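Participant: Need a 3D model of the sequence below.
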Amino acid sequence: MGRRIAVDVDALKRERQRKMDEAADLLTTANEDNQRAFTPDEQKNYDDLMREAKDFRRQIQAEEEMRLEEGATDSRGQPIVKPNPGDAPTYIGMTKEDKNRYSIRRGMAALAGLISTKEASLELEVSEAVAKRSGKSLSDRSLHIPFEVMAGDMERRDLSVTTEGADIVQVEHGGVIELLRNKMVTRAAGVRFITGLRGDLLLPKHTAATTNTTWVAEGIAPTEGIGTFGQVKFQPSQLACYTDITRQTLLQTSFDVEQFIRGDLAANLAVEIDRTVLHGSGAGTEPAGIFNTSNIGDASIGTSGGAPTWAKIVELETDVSVANADQGSLAYITNAKVRGVLKTTERTTASTGLFIWQDPSNLAPATPATPLNGYRAFVTNQVRSDFTKGSGSSLSSIFFGNWEEGIVAFWADLEIVVDPYTQANAGVVRMVALAFADFQVRHPESFSVTKDAGPIA
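Facilitator: Down below sits the predicted model:
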C-alpha cells in the first residue's frame, strides 16, 4: 500500500465554520423578521448547510483519530493524546469563532424546550462531541460544556447591537473556572487550581530531608544523603449544585444574561468548594478539608474552648514557623463573628487601645491589607461557628497557613442537567451542574487551626 495522504484538518475546520455561519445567518434573518418560520427554500438551504457541516465534522474526527493512532500531532504541533476509558475530555478543538458564538444560556434554553434545537445547533453539537470523547452517555436534558468554555481565554468578540444606529461593541466572557476563582475566598488567600485533568493525578512531595552534611578530613568522602519523598493523590469526585433560572431569563439574548448565568454557576460552585477546602468531612466521596486533615497544627484554647487571645493568634503563626513552613501565601481565615471579637479585644490588659484585629486606619500606609498579626486576613461565613466542646458551644475556627499548599483539582468538562419540570408552576427552570473535583493539602504542617474559639454570640 502507498503512503497515506493526510487531510488538511485546518481547511476542513474553516469550511465547516463557513457552513455553520451561513446557517446561523439564515436563523438570524428569520428571527429578525418577527421570528417567522423558514420558507421552504430557506429550510432546504438550512438543512443542506447543517448536513454539510456535520459531514465536515465527521471527516475532521476521522483524520484526528487516524493521526492519534499514528502518533501524529494536531494543527498546533502538539501530540494528540489518546483518551483512556473513563478519562475526562480535554480540548475538543473548538475554533475561536465557535468559542465566541458559544452560549450556555442558549443550550439550556433549547434543552428546556424554550427555543428550537436548530437555534442551539452549535451548543448541542459541542455537547455531543464532549460526551463522545469522555465516554459519557448523552441524555436529552444534559449539556456537556467543554474545557475551552470552562477555562475560557477572555477572548474579545465583536457583536452587532440592534439599537438606533448599529454599534459595534466588545464583550468579554470569562470562563467558568476564571469566575469560580474570583469568587472563592480561599483562592484569594492563595489556594491553587489545577484544571483540565485526565485520570488520577499524583503530585510528589518532599517529606523529609537527609543531607548528612558534615565536616570531614581531607581525602574522606562525606556520607551520601537522600531525601524522603511521598505523593499526594488526586481522584475525581462528583460535585453537584443547582440554581433556578426563570424561563424569561433564558429567552433573553443579552450577553449580560449569558455572563450572569456563568457567574451564578461559578458562585454556586465557589460556595461549596470554599466550604470543602475549609471543613470538608473526608467521609464518602467528599474530600477532607484543612480542618479535618491529619498532622496540621492545633492551637486549641481549652477543654471547653474560650475567647480568642493575642497569644493564640501568635501561636497559630508559631506552629507553622516551627515546622519551617512559614513561607508562600500566608494568611488567616475566619468568620465574621470572630473578626468582631478580635476587633474589640485588646492585645494586653494594659488598656493600650491596640486591638488584636487592627482597623486599617491604624495601620502603617505600607500594610493596609495585613490587619491581623502583620498578615493578610480573610473573612467568610463558610468558617463554621457551631462547634461544641466540653461545656462550650457556638465555637468557631481560625485558620492560618500557607494557602498555596492547598490544591483544588478540576477535571475537564462540566455537565448541566436542565430540569424544566420541578419548578414549572413558577415559570422556573432548574439547572443542576455536575463537575468532578478534588482537594488535597500538599504539606499539612503548612497549616494550623484554632478549633474552639468562643463562645461567640
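
Participant: middle-most residue in this protein, spatially?
Facilitator: Geometric centre of the chain, nearest residue: I177, 3.9 Å, by C-alpha atoms, centre = their mean.

Participant: check which helix or strand covers it.
Facilitator: I177 belongs to helix 176-183 when assigned by DSSP states H and E.

Participant: just checking, what packs against that helix?
Facilitator: On a contact count with 3 or more C-beta pairs under 8 Å, 6 or more residues apart in numbering; DSSP states H and E, helix 176-183 meets helix 147-151, strand 192-197, helix 255-279. Quick note: C-beta positions are derived from backbone N, CA and C, even for glycine.

Participant: Redo the ones you listed as TSV? Include distance to I398 and mean pLDDT.
Facilitator: Shown next, in TSV, are these (distance: least, C-beta to C-beta, whole Å; pLDDT from 0 to 100):
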stretch	distance to I398	mean pLDDT
helix 147-151	33	74
strand 192-197	22	84
helix 255-279	11	87
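
Participant: Please identify the most buried of the ones you listed.
Facilitator: Each of the helices and strands packed on helix 176-183 was scored by mean neighbour count; the highest is helix 147-151, a mean of 22, by mean count of other C-beta atoms under 10 Å.

Participant: Could you list every helix and strand in contact with that helix?
Facilitator: Using 3+ C-beta pairs under 8 Å, 6+ apart: helix 147-151 touches helix 176-183, strand 192-197.

Participant: go again using 10 Å as the cut-off
Facilitator: helix 96-101, helix 121-134, helix 176-183, strand 192-197, strand 406-411, strand 414-419 (3 or more C-beta pairs under 10 Å, 6 or more residues apart in numbering; DSSP states H and E).

Participant: Neighbouring strands - and their directions - for the following helix or strand past the longest one?
Facilitator: Which is helix 121-134. Past helix 121-134, further along toward the C-terminus, the next helix or strand under DSSP H and E is strand 142-145. Each strand paired with strand 142-145, and its direction, by DSSP bridges: strand 414-419 (antiparallel).

Participant: ok and the partner strand relative to helix 121-134, angle-wise?
Facilitator: Angle, strand 414-419 to helix 121-134, by axes from the mean of the first three to the mean of the last three C-alpha atoms, to 10 degrees: 120 degrees.

Participant: Please give me every residue in contact with Y421.
Facilitator: Listed by C-beta atoms under 10 Å, 6 or more residues apart in numbering, the contact partners of Y421 are 112, 141, 429-430.

Participant: Lowest-confidence entry in the residues you listed?
Facilitator: Least confident of these in the model: R141, at 86.

Participant: re earlier: how much space separates the residue nearest to the centre of the chain from K183?
Facilitator: To K183, I177 is 11 Å away according to C-beta to C-beta, to the nearest Å.

Participant: shared neighbours of the two, which are they?
Facilitator: Shared contacts of I177 and K183 (C-beta under 10 Å, 6+ apart): 266, 269.
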